[in-house]
Structures are given as C-alpha cells and as structure tokens.
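Engineer: have a look at this fold, sequence not included:
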C-alpha cells in the first residue's frame, strides 16, 4: 500500500507535457547555460567523467550530447561469457517466465504479450523462458549494447504511459513495463530468438537505435512496426544497438532452455556493460 501511495502523484502529473519540455531543453544548445546544467547534473548524481571518451563538460553542445556520451576505449571489457550485460545499471528482477507471466515486483506480474505490444505469436516464443530487467539510473552510461551476436528481424514502437521506472514505482504501479511507452527489438541468434525492450519513462525525451535513429517522437498513439527480414542487419556482441535520451530500463526475453544466469546475479545488484550475464542453458 505504501508504494501505491508513494506513486499516486504520478497518476496526476502531465507526464507527456513534462517529457516534451524535458526533451526540448535537453536538445537545446545554450552555451554556458548548458554547461552549468551539465556540471550541476554531474555533481548531483556523482557521474564518473573520468571514463568518458570526452571528459570535458564544457565541450558538450547540448545536455543530450552529454547524456549519451561515449566511453573511453577499453572502459568496458567484454567478459568471456555467452551473454554479456548490455548496459550499466542495477538488476531490477530476473529469472523464469511463468508460462507468459514476468515478475515485476512483489504483488505485480505482467504478460509477455502486453510487453511486446499485443503480438501473441511473438510472445509465445518466450513461454516458460527467462527474462532480465535492468534499471538505468541518471548517473549511468546510457547507450545499450548487444548481449550476443544477433540479426535484427523487426522493431515495434508501442505507445504508452510515461511513469517513472525507479524501484519505488516498479513496486507501486501494476504492469509498469508493459504500460509505459517502449521500443521492442527482435533478434535472431545462433541459439534462437531474443527480444530487447527499451522502456520509456517520465522525461525520457526519446529512444534511438543505430539502424533507425530516433524512434520517438513522433508519438502517433498507434503501434508502429518495421520489418527487416529482407535485410542483413547484424550486430556483434558488445556493439551499440541503441540509446536513451534521458534514462530508463531495458527488459530482455529469452526462450525456454536458452540461458542460465550468472550465479552472482541478484536483484538490486549494480551491473556494468560487458560483465558476464548468462551462459547457454545446456552448456
């Protein structure tokens, strides 16, 4: 009950308007004002600029160019694992999918079909499979990378709400990750399909992928889909696949008997891009 009360104000906030405003501010090139905003953010969230390819806050022309900053080469070495962690963040939840139900937080589950935008055939591929949900905080690196080699099959933009995705909101808003705006990316790998979902949130101005660019806006209010079966868009393990322009959450789906998560994983544990996430289930 206390979590529901804590998130109650979010139901009444003009989240779309706030997000639009935040997106405009983040893209504005305002010289010294932009630099002051970036320096404030670095101090407020204890951002480690020493690992950035460009560590000088004054060199970024907009807040978004800072927020989506690249890392120094070698800052995130890739583990010798079948599946690596695709982002910096903290583990929200992970584990088995119970038929088609994904565990969000105590008392809250949501369906794979709802998560992927209503495509029951796509969702069925992950019945009794495994999932991982990783939360990216404001201080984290906000590019998303491939957990394994994969060929892109399609991308689906699902309109939705823009609740915050922090741990308190995950405990207080039923079906949070299946009701927020999201971009669903389906890949094929040597061990079968997987889905990587970019989940939007309050003031997440947009989400982008390397093959498409910015996916949202526009926000048409309708599900949009792009198919790539006739193209050879192949991304290697560790390659960038997308980014958040202001931060959020990723959800990964794997079919039954595909992955066995690393024994060190547990909810709330901080993780970094490139660390071991899982091995093949039958290895």
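Structural biologist: Looks like it arrived, so ask away. This structure is a prediction, so every number in the text was calculated from the model and none was measured.

Engineer: return the residue of this structure that is most distant from the centre.
Structural biologist: Largest separation from the mean C-alpha position in the chain: residue 32, at 30.6 Å (C-alpha atoms, centre = their mean).

Engineer: next one: it from residue 209, what distance?
Structural biologist: As judged by C-beta to C-beta, to the nearest Å, residue 32 and residue 209 stand 33 Å apart. All C-beta spots, glycine's among them, are computed from the backbone N, C-alpha and C.

Engineer: isn't residue 181 right up against residue 156?
Structural biologist: No - Residue 181 is beyond contact range of residue 156, at 11.6 Å (criterion: C-beta atoms under 8 Å).

Engineer: out of the two, which sits in the busier spot?
Structural biologist: Neighbours per residue, other C-beta atoms under 10 Å: of residue 181 and residue 156, the larger number sits with residue 181, 25 against 22.

Engineer: for the more buried one, what are its contacts?
Structural biologist: Residue 181 makes contact with 157, 158, 159, 160, 161, 162, 199, 200, 204, 216, 219, according to C-beta atoms under 8 Å, 6 or more residues apart in numbering.

Engineer: go again with 7 Å.
Structural biologist: Residue 181 is in contact with 158, 159, 160, 162, 200, 216, counting by C-beta atoms under 7 Å, 6 or more residues apart in numbering.

Engineer: mind showing which ranges of the stretch 51-200 of the chain have poor pLDDT?
Structural biologist: 106, 162-175 (pLDDT under 70).

Engineer: which residues of it fall in helices?
Structural biologist: 63-67, 112-115, 120-124, 167-172, 176-179 (DSSP state H, counting those that start in this stretch).

Engineer: will you turn the ones you listed into a markdown table that also has distance to residue 148 and mean neighbour count?
Structural biologist: Listed next are these as a markdown table, based on distance: least, C-beta to C-beta, whole Å; neighbours: other C-beta atoms under 10 Å:
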| stretch | distance to residue 148 | mean neighbour count |
| --- | --- | --- |
| helix 63-67 | 26 | 21 |
| helix 112-115 | 20 | 22 |
| helix 120-124 | 19 | 14 |
| helix 167-172 | 26 | 19 |
| helix 176-179 | 22 | 24 |
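
Engineer: please render the ones you listed as JSON lines that adds distance to residue 88 to the earlier fields.
Structural biologist: Compiled in JSON lines, the helices of the stretch 51-200 of the chain are given as follows (distance: least, C-beta to C-beta, whole Å):
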{"stretch": "helix 63-67", "distance to residue 88": "13"}
{"stretch": "helix 112-115", "distance to residue 88": "22"}
{"stretch": "helix 120-124", "distance to residue 88": "28"}
{"stretch": "helix 167-172", "distance to residue 88": "16"}
{"stretch": "helix 176-179", "distance to residue 88": "19"}
